[in-house]
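> Compute the structure for the input listed below.
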Amino acid sequence: MVSGWSSSSAQTRPSHRPAEALSSNGMKRYRRGQLVCLTANEWLKARQLADSYWLYVVWDPTTPNHELIAVPDPGHRLEHLAREVRSVSHIELPAPALR
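Below you'll find the predicted structure:
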């Protein structure tokens, strides 16, 4: 399960709410060690909002060994490690509809 960026949240300190309730800027839930993926918009917001943007990653959220990682200003702190992945997108139209 992946949750995205929330413009309505101003939470910046994870200790004030339980992991399930975090929605600030971006909370991602992954198996430990898995690549963390952000949408292009999430990365743009991380870059624009800088130190007011926090990325929250919950490793193994459904296990007793879950771990919350809070990363302040990931757009700048992790910029040197970021790799853009572009996927090809297209629109398909059914042939009968073209008549």
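> What segments of the chain are helices?
All helices of the chain, identified by DSSP state H, fall at 40-49, 74-77.
> what would the ones you listed look like in CSV with mean pLDDT, distance to residue 60 and mean neighbour count?
Placement of C-beta: from N, CA and C, glycine included. As requested, the helices of the chain are exported to CSV (pLDDT from 0 to 100; distance: least, C-beta to C-beta, whole Å; neighbours: other C-beta atoms under 10 Å):
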stretch, mean pLDDT, distance to residue 60, mean neighbour count
helix 40-49, 92, 21, 16
helix 74-77, 95, 20, 18
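> Relative to residue 67, tell me which of those helices wins on proximity.
Checking the helices of the chain against residue 67 by C-beta to C-beta gives helix 74-77 as the closest, at 16.8 Å.
> from memory residue 74 sits against residue 53, does it?
Yes - with contacts counted by C-beta atoms under 8 Å, residue 74 reaches residue 53, the gap being 7.0 Å.
> overlap in contacts of those two?
Between them, residue 74 and residue 53 share these contacting residues under C-beta atoms under 8 Å, 6 or more residues apart in numbering: residue 46.
> Show me where the protein dips below the pLDDT cut-off.
For the chain, the stretches flagged by pLDDT under 70 are 1-27.
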